[in-house]
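*Asks:* following is a predicted model, sequence given first.
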Amino acid sequence: MVSSALNFTKMHGLGNDFVVLDGINQCVDLSTAQIRHIADRHLGVGCDQLLLVEAYDGADAEFRYRIFNADGSEVEQCGNGARCFARFVYDQGLTQHTTIPVVTASGRIVLQIQADGQVTVDMGVPVLEPAQIPFISAQRQTLYTLETHTTSVALAAVSMGNPHAVLQVPDVESAPVSTLGAALESHPAFPKRVNVGFMQVIGRDHIRLRVFERGCGETQACGTGACAAVVAGRLQGLLDEQVTVSLPGGDLQIRWQGEGQPVRMTGPTATVFRGTLTL
Ligand SMILES: N[C@H](CCC[C@H](N)C(=O)O)C(=O)O
């Protein structure tokens, strides 16, 4: 069925912006081309990702949400999107709970709307085995060396449900995010492509981070990228358990107690406007 008119909500998490669609109270059936059109900042609404909220008939969650990058690719996880999902279903009256489990393509996560309006997300246990990231390597290492057409880089590889490469840089402002980020995003060592984080360590409890995201380029913030950067930094002995991650769009609080433990992220959400899409 071709969708004709769809109600949407425009939201963001620290400037990582989303078109959120209620797929429970309206029939949403979008092609990849239609998703790309909606995400286009000149021809459509404009967003980094489109989030589609659906009912889930499992015992341990009442919702699932699907995540599509601006290029139309469907992905496994989105940290800023998870926070906005929680705010959306609560504000829309789709739930009265403030603890909200949700299923995504990478599994079940639990969201907690705090009294101050911030949302805490249990993002699950990071995956470090190369085959599960996926990343092509003979064995797991804390840092890998990867060659591009122009340079050789040291990077960490982490999955938060979605794949991340994390590079340490002396200064995020001068980091080659658009060039090296693009080269690594589609590097053959990452069979499903990869999000590329550029991390500057300020102290054991503070990093600065810029992320060239898979499927949409550099964003103002990346929640799973912030989690992956803290995991990578901690495994290299550079960071403590609780870290403030300063992204261009603002700060996220990330907590990780170490291998086998879940990563917890806390941050804000914003609802900007509501509208009707005509397709
Ligand atoms: N571009 C990501 C999805 C969105 C992640 C990001 N917006 C976040 O907040 O985690 C990927 O292709 O895996």
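*Replies:* Alright, I've got the coordinates.
*Asks:* who's the closest residue to Leu238 other than its chain neighbours bridged to?
*Replies:* What sits nearest to Leu238 in space, not counting adjacent residues and going by Cβ to Cβ, 6 or more residues apart in numbering, is Val201, at 5.2 Å. In short, each C-beta sits where N, CA and C put it, glycine included. Going by DSSP bridges, Val201 is paired in beta bridges with Ile207.
*Asks:* next one: phi and psi at Pro188?
*Replies:* Per-residue torsions, Pro188: phi -60, psi -20 (degrees, to the nearest 10).
*Asks:* residues contacting the residue nearest to Leu238?
*Replies:* Contact partners of Val201, counting by Cβ atoms under 8 Å, 6 or more residues apart in numbering, are Gln168, Ile207, Gly233, Leu238, Leu239.
*Asks:* let's see that with 7 Å instead.
*Replies:* Contacts for Val201 (Cβ atoms under 7 Å, 6 or more residues apart in numbering) come out as Gln168, Ile207, Gly233, Leu238.
*Asks:* hmm, the first one is touching Gly197, no?
*Replies:* No: contact status for Gln168 versus Gly197: not in contact, 9.6 Å apart, counting by Cβ atoms under 7 Å.
*Asks:* more crowded one of the two?
*Replies:* Comparing Gln168 with Gly197 by other Cβ atoms under 10 Å, the one with more neighbours is Gly197, at 34 against 21.
*Asks:* what are the ranges of the strands in the stretch 1-150 of the chain?
*Replies:* 5-13, 16-22, 49-55, 63-69, 74-75, 99-104, 107-113, 119-122, 144-147 (DSSP state E, counting those that start in this stretch).
*Asks:* interface residues of the stretch 51-200 of the chain facing the ligand?
*Replies:* Taking Cβ under 6 Å from any ligand atom as the contact definition, the stretch 51-200 of the chain meets the ligand at Ile67, Asn69, Val75, Cys78, Gly79, Asn80, Gly81, Asn162, Asn195.
*Asks:* the first one against Val53, yeah?
*Replies:* Think Ile67. No: the criterion here is Cβ under 7 Å, and Ile67 misses it with Val53 at 10.7 Å.
*Asks:* report pLDDT for Leu43.
*Replies:* Leu43 is assigned 95 on the pLDDT scale.
*Asks:* Ile207 too?
*Replies:* You'll see Ile207 listed with a pLDDT of 98.
*Asks:* number of nearby residues for it?
*Replies:* 27.
*Asks:* isn't it up against Gly233?
*Replies:* Yes: the pair Ile207 / Gly233 is scored as a contact, 6.3 Å apart, by Cβ under 7 Å.
*Asks:* tell me, what's touching these two both at once?
*Replies:* Joint contacts of Ile207 and Gly233 (Cβ under 7 Å, 6+ apart) are Met199, Val201.
*Asks:* so who does the residue nearest the centre of the chain touch?
*Replies:* Geometric centre of the chain, nearest residue: Cys78, 3.1 Å, by Cα atoms, centre = their mean. Listed by Cβ under 7 Å, 6+ apart, the contact set of Cys78 reads Gln49, Ile67, Gly223, Thr224.
*Asks:* which residues touch the last one?
*Replies:* Applying Cβ under 7 Å, 6+ apart, one finds that Thr224 lies in contact with Gln77, Cys78, Gly79, Met160, Asn162, His164.
*Asks:* which of the residues you listed are buried?
*Replies:* Gln77, Cys78, Gly79, Met160, Asn162, His164 (16 or more other Cβ atoms under 10 Å).
*Asks:* out of the residues you listed, what pair is the most spread apart?
*Replies:* Cys78 and His164 (12.3 Å; Cβ to Cβ).
*Asks:* let me see the backbone angles for Gly203.
*Replies:* Dihedral angles (degrees, to the nearest 10) for Gly203: phi -160, psi 180.
*Asks:* neighbours of it, how many?
*Replies:* Around Gly203 there are 11 residues (other Cβ under 10 Å).
*Asks:* which pLDDT value does the model give it?
*Replies:* For Gly203, the model assigns a pLDDT of 98.
*Asks:* all strands of the stretch 151-279 of the chain, in order?
*Replies:* Applying DSSP E, counting those that start in this stretch to the stretch 151-279 of the chain gives strands spanning 152-159, 163-168, 195-203, 206-213, 217-219, 242-247, 250-256, 263-267, 270-278.
*Asks:* hang on, Ala154 packs against Glu147?
*Replies:* No: judged on Cβ under 7 Å, Ala154 makes no contact with Glu147 at a distance of 11.3 Å.
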